[in-house]
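Novice: Provided below for reference: sequence and predicted model.
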Amino acid sequence: MTVNDVKEKLSKKAIIFKTGGKRPTNELLESWIGSVRWQHKNESLPTDNRENNMIPIATIFLKNLPLLPVELAGIELVTIFMSEDVWDNLISEDLSPWFCIRTYRSLDKLVHCNYQTDMIKPFPLTPHLVENDFPCWDGGGIPEEIEDIILQLEAAEGIDYFDDICEEIYARHKVGGYPAFCQSGFSFGNEYEFVMQISSDEKALFNIVDSGNFYFFYNSQKSDWKVYCDFY
């Protein structure tokens, strides 16, 4: 197997989001960081286990995106809220108990809301399709058999994974692709697939501990989420 063969097998498409750079429309299909803009009529700002209001993190519209992980098929909108208590529980591998993640399979009957937080400066997000998202080397999603081939190529031809194979690791808000781990990779097993990432965002004044990321894994059979975090 050649370097080009390896690149072809590893590269994935993903949707990455650009923060700001356009005038907000406040309409359906506009994603946001630092704000949740839509809900059902009977919903309100969620509270955590201590009955404190949760922090609105993001509004991510999936409808009409040119790419969608198969696990998210049929979901048109995801809104994400976080308990402030998450910062005291980062030792936990699964942070989902400190998140409220709402999914909507239809945009019908949604009503406008405007939940914001002083912790993040809200900005609209613009989706862009990329075709060259690559995994991190250490536990980032490289199959064992491909990793063995890369090691053989490094020994035989003097190539380097990051110089000769990996084109981009998109450490930003995204749907699909690979998790852009800051540290060694992590997995919740085959039942939970990585589907989404929310990253530290300098423009939105959002820092996850130290330039870290939240990684969202989803089990479509159970309609269940798990959340992992790492940072530098």
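Specialist: Alright, I've got the coordinates.

Novice: Output the contacting helices and strands for the lengthiest helix in the chain.
Specialist: Looking across the chain with DSSP state H, the single longest helix is helix 144-157. For helix 144-157, the packing partners by 3 or more C-beta pairs under 8 Å, 6 or more residues apart in numbering; DSSP states H and E come out as helix 3-10. Placement of C-beta: from N, CA and C, glycine included.

Novice: Just the buried residues of the longest helix of the chain, please?
Specialist: 146, 149, 150, 153 (16 or more other C-beta atoms under 10 Å).

Novice: Please give the centre-to-centre distance between it and its chain.
Specialist: Chain-centre distance of helix 144-157: 29 Å, with C-alpha atoms, centre = their mean, to the nearest Å.

Novice: Can you tell me what sits against that helix?
Specialist: Here helix 144-157 makes contact (C-beta atoms under 8 Å, 6 or more residues apart in numbering) with 1, 3, 6, 9, 10, 142, 159, 160, 161, 165.

Novice: Which residue is the nearest non-sequential neighbour of the fifth one?
Specialist: Nearest residue to residue 10, sequence neighbours excluded (C-beta to C-beta, 6 or more residues apart in numbering): residue 134, at 5.8 Å.

Novice: ok, residue 223 touching residue 103?
Specialist: Yes. Applying C-beta atoms under 8 Å, one finds residue 223 in contact with residue 103, separated by 7.4 Å.

Novice: The residue nearest to residue 10 against residue 165, yeah?
Specialist: Yes. Counting by C-beta under 8 Å, residue 165 is a contact partner of residue 134 at 7.3 Å.

Novice: Quickly list what's touching both of the two.
Specialist: Joint contacts of residue 134 and residue 165 (C-beta under 8 Å, 6+ apart) are residue 10.

Novice: In terms of secondary structure, what does the one helix or strand residue 126 maps to contact?
Specialist: In this structure, residue 126 sits in strand 123-133 according to DSSP states H and E. Judged by 3+ C-beta pairs under 8 Å, 6+ apart, strand 123-133 is in contact with strand 12-19, strand 31-33, strand 174-176.
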